[in-house]
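Asks: how would this look folded up:
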Amino acid sequence: MLSEPREGQLPVPTTRRAINIAILAGCYLFVLLTNSGFAQAPTGDAIDYRQIAAAAPGLPDEVGSAYAGRFVVHYLVGVAAHATGMSLDLAYGLSWGLLMLVLAAVLIALFGDLPTGDFAVCAALFVLSPYALRPYALQTGMVQDLVFVIGCGICLFGLRRYLVRWVLIGLLLAAVGRQSVIAVAPVVAIWLLFDPGWRVAVDTARRRWAAVAALTVTYGTFAAIKLFTAPFSGDYEPSILRDSVLTRIGDLPGAAGELAAHFARTAVPLVVPGAAALALLLVVGVRRAGFGFYAALAFAAAIVAQPAMINPAWPGFAYNEQRLSALALLPLVYAVAVLLPMTTWRGAATVRTAAALVLLAIASLHHEFSVVGPNSLPQFLITQFAAALAVAALLLTGRRRPADRLEPTAR
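Replies: Okay, here's the model as predicted:
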């Protein structure tokens, strides 16, 4: 499992930190060099977000309520563009670049004290996912999703380091980025209350306060944004009562194919890291995985459940499942990071790690987002599932649980 730094513990050696930064930079560079473009003309949701930025420092006449919920990020981009005289295209490009650097710092903080090989696997599982960074390089106007992912990463960092302030800062940023955090906050509250590591490191009263604060910060931020944007928000967001997949039950069996495709699109971004998590779970054992592993899965599930539950026929949602479910990649990779230190390579660690990175690099290639790789959706799907099976086989046969390792007592 992930080690838990304590006061007085030696920091990560400078050499290893430099190697980790180089590995992460290499993953970033591979994505950028093979991407099919950068900062293309805004399409889809990016057009609506741009209206918010274009109105700054004033307020827009009207935007859909779903977009207004992400008002803060785009308004700040617009304010920066207005204050400096730069174009919105340049402002969004610079905001994207800054957020990419912040995200890299979060990944280093979150996984940086893992052994170098394990860090490389985790970094590649996230960065080299075809849906983690590629779409945002193409559409830099979608920066609110990056803010959400960064917030989730900071929250996870606080959870593993037993730092309440970082948990709350992460939730605040995630709430500013996307409303998706409203389903995550209860998972975080439960994590704070029942994680064995937190119960040892933090007294009961402080954990209860932290759990309440996590819910308050999340829902308070969400409510404040809704209230502020209400005067210029039009009713345009899915309702769980009228726009969920449950409303399609009456359309069965005729709608079976459509719903199956909907769930498949939701699952595709998670196939490779999910296969890695399952393989490691089989090596470690279900009972030995620890609270942190299952809590991270719940964190990811709270994000994925939202696009999965929306009716695929809802206007404005069609074929957005992949991008929305990919927002759960970081907590899913965190779950992998919990299990990796419980195992070691059976031999030739450098070669096996390099093989895993090659497989993940191949899996990162997309039929629309990259200049090389699959030429069609069927080819892309075949590549994804083949890579998932290969990564799972590599971990399942190549990793073992040391017989002399003490069983984890927390997280």
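Asks: contacts and neighbour counts: CA atoms only from here.
Replies: OK.
Asks: Now the helix of greatest length in the chain: average pLDDT?
Replies: Counting residues, the longest helix found in the chain (DSSP state H) is helix 204-229. Across helix 204-229, pLDDT averages out at 94.
Asks: And it, what's buried?
Replies: Using 16 or more other CA atoms under 10 Å as the test for burial, helix 204-229 gives 207-208, 210-211, 213-215, 217-219, 221-222, 225-226, 229.
Asks: From the chain's centroid, how far away is the helix or strand encompassing residue 273?
Replies: Using DSSP states H and E, residue 273 falls within helix 271-284. Relative to the centre of its chain, helix 271-284 is centred 17 Å away, using CA atoms, centre = their mean, to the nearest Å.
Asks: residue ranges with poor pLDDT in this protein?
Replies: For the chain, the stretches with pLDDT under 70 are 1-12, 236-241, 243, 315-319, 403-411.
Asks: Tell me the one of the buried residues of helix 204-229 nearest residue 83?
Replies: Nearest to residue 83 out of these is residue 229 (CA to CA; 22.1 Å).
Asks: so what's that closest one closest to, chain neighbours aside?
Replies: residue 68 (6.1 Å; CA to CA, 6 or more residues apart in numbering).
Asks: follow-up on the earlier one: same for the longest helix of the chain, what does it pack against?
Replies: The contact analysis (3 or more CA pairs under 8 Å, 6 or more residues apart in numbering; DSSP states H and E) places helix 204-229 against helix 71-84, helix 164-177, helix 184-194.
Asks: hmm, try it at 6 Å
Replies: Packing contacts for helix 204-229, counted by 3 or more CA pairs under 6 Å, 6 or more residues apart in numbering; DSSP states H and E, involve helix 184-194.
Asks: how far off helix 164-177 does the helix it packs on point, in degrees?
Replies: Here the directions of helix 184-194 and helix 164-177 differ by 170 degrees (axes from the mean of the first three to the mean of the last three CA atoms, to 10 degrees).
Asks: and the angle from helix 184-194 to helix 204-229?
Replies: Using the same axes, to 10 degrees: helix 184-194 against helix 204-229 is 170 degrees.
Asks: Now the element after helix 184-194, going C-ward?
Replies: With DSSP H and E, the next secondary element past helix 184-194 is helix 196-201.
Asks: List the buried residues of that next one.
Replies: Result for helix 196-201 [16+ other CA under 10 Å]: buried residues 196, 197, 198.
Asks: what's the closest non-adjacent residue to residue 153?
Replies: Residue 153's closest residue in space is residue 106 (CA to CA, 6+ apart), at 6.3 Å.
Asks: ok, residues contacting the host helix or strand of the one you found?
Replies: Per DSSP H and E: residue 106 is located in helix 88-111. By CA atoms under 6 Å, 6 or more residues apart in numbering, the surrounding residues in contact with helix 88-111 are 81, 119, 140, 141, 150, 157.
Asks: Looks to me like the last one is in a helix.
Replies: Yes. Read with DSSP: H, G, I helix; E, B strand; the rest coil, residue 157 is one of the residues of a helix.
Asks: burial count for the closest residue to it other than its chain neighbours?
Replies: Nearest non-adjacent residue to residue 157, counting by CA to CA, 6+ apart: residue 110, 5.4 Å away. Residues within reach of residue 110, counting by other CA atoms under 10 Å, total 22.
Asks: One more: residue 251?
Replies: 10.
Asks: Adjust the sequence numbering to begin at 9 for everything that follows.
Replies: Sure thing, new numbering starts at 9, so read that last one as residue 259.
Asks: From residue 270, how far off is it?
Replies: Per CA to CA, to the nearest Å, residue 259 is found 15 Å from residue 270.
Asks: Residue 83 now?
Replies: Counting by CA to CA, the gap from residue 83 to residue 270 is 32 Å.
Asks: For residue 70, give me phi and psi.
Replies: Taking degrees, to the nearest 10, you get phi -160, psi 140 for the backbone angles of residue 70.
Asks: list the contacts for it?
Replies: 240, 241.
Asks: switch to 7 Å and redo it
Replies: Counting by CA atoms under 7 Å, 6 or more residues apart in numbering, residue 70 touches 240, 241, 242.
Asks: Name the member of these that has the highest neighbour count.
Replies: Among the contacts of residue 70, residue 241 has the most neighbours (other CA under 10 Å), with 20 neighbours.
Asks: Could you give the number of residues near residue 22?
Replies: By other CA under 10 Å, neighbour count at residue 22 equals 9.
Asks: That one and residue 94: what is the separation?
Replies: Distance, residue 22 to residue 94, by CA to CA: 38 Å.
Asks: likewise residue 164?
Replies: In terms of CA to CA, residue 164 sits 35 Å off from residue 94.
Asks: Look at those two and report which has more neighbours.
Replies: residue 164 (25 against 12).
Asks: which one is that one nearest to, not counting chain neighbours?
Replies: That would be residue 175: by CA to CA, 6+ apart, it lies 7.0 Å from residue 164.
Asks: Can you get me a residue count around that neighbour?
Replies: Other residues close to residue 175 by other CA under 10 Å number 27.
Asks: picking up where we left off before, in a markdown table: the buried residues of helix 204-209, plus distance to residue 389.
Replies: Shown next, in a markdown table, are the buried residues of helix 204-209 (distance: CA to CA, whole Å):
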| residue | distance to residue 389 |
| --- | --- |
| 204 | 39 |
| 205 | 39 |
| 206 | 40 |
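Asks: Which parts of the stretch 309-419 of the chain are helices?
Replies: All helices of the stretch 309-419 of the chain, identified by DSSP state H, counting those that start in this stretch, fall at 329-333, 337-347, 357-371, 385-406.
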